[in-house]
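Visitor: missing the sequence, but the structure's below:
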């Protein structure tokens with residue numbers, strides 16, 4: 001029998017709005033400093049300069065790069081439970097892949113270490129073009145980060161992508177971590193079946 005052609009199933013997971021509630025906290029901070037009443041559902045495009053009031057343009061961009069943002073974010077419901085479950089598979093490697101300004105990389109990494117300690121520190125990756133990664137599955141809320149990747153593409157539902165036609169564009173929509181976990185495991189089982197053909 002030959003050895004398996006690939007010995008790990010690599011899963012990339014975005015941090016903001018997939019593992020934690022960054023956009024909700026962003027709106028809370030924006031409202032605190034402006035007196036406005038914006039909600040996450042008001043963020044109808046990924047580029048917030050297109051949906052937030054023009055008079056606050058500098059503030060609305062700056063908040064994304066405030067280190068304090070990551071003092072207030074929380075893990076999304078069930079994310080810790082399912083990440084812990086995925087980490088128990090010996091041939092699944094989990095990576096947190098985040099697009100980030102250098103000013104908040106430390107705070108993001110600290111949050112990941114504190115809230116998702118089962119993900120090794122070496123598996124925290126900051127990069128702009130995630131399609132360069134060699135993954136089996138990638139989970140993201142940003143359509144543009146999934147479009148050109150050569151992996152199974154899971155689009156995590158958010159207000160700015162809810163009308164996107166995933167099936168027409170080679171993606172699978174997941175609405176919560178229960179659905180996300182089940183789809184990752186479905187892909188993993190298919191990968192295992194292919195691996196067995198070459199052993």
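Guide: Perfect, thanks for sending it. All values derive from a computational prediction rather than experimental measurement.
Visitor: what's downstream of the longest strand anywhere in the chain, the next helix or strand?
Guide: If each strand of the chain is counted by residues according to DSSP state E, the longest one is strand 92-98. Toward the C-terminal end, the helix or strand that comes next after strand 92-98 (DSSP states H and E) is helix 105-115.
Visitor: counting by contacts, list what that following helix packs against.
Guide: Using 3 or more CB pairs under 8 Å, 6 or more residues apart in numbering; DSSP states H and E, the elements in contact with helix 105-115 are helix 69-72, strand 124-126. In short, each C-beta sits where N, CA and C put it, glycine included.
Visitor: contacts for stretch 176-194 next, please.
Guide: Contacts made with stretch 176-194 from outside it, assessed by CB atoms under 8 Å, 6 or more residues apart in numbering, are listed as 9, 11, 76-79, 81-82, 85-86, 89, 92, 136-137, 139, 152, 154, 156, 172, 174.
Visitor: mind redoing it with 7 Å?
Guide: By CB atoms under 7 Å, 6 or more residues apart in numbering, the residues outside stretch 176-194 that reach it are 9, 11, 76-79, 82, 85-86, 92, 136-137, 139, 152, 154, 156, 172, 174.
Visitor: those in helices, which ones?
Guide: Assignment to helices by DSSP state H places the following of the contacts of stretch 176-194 there: 79, 82, 85, 86.
Visitor: for the residues you listed, which ChimeraX command selects only the ones that are buried?
Guide: Here is the ChimeraX command that selects the buried residues among these (16 or more other CB atoms under 10 Å):
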select :79,82,86
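Visitor: turn the ones in helices among the contacts of stretch 176-194 into CSV, including pLDDT.
Guide: Output for those, formatted as CSV (pLDDT from 0 to 100):
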residue, pLDDT
79, 98
82, 98
85, 98
86, 98
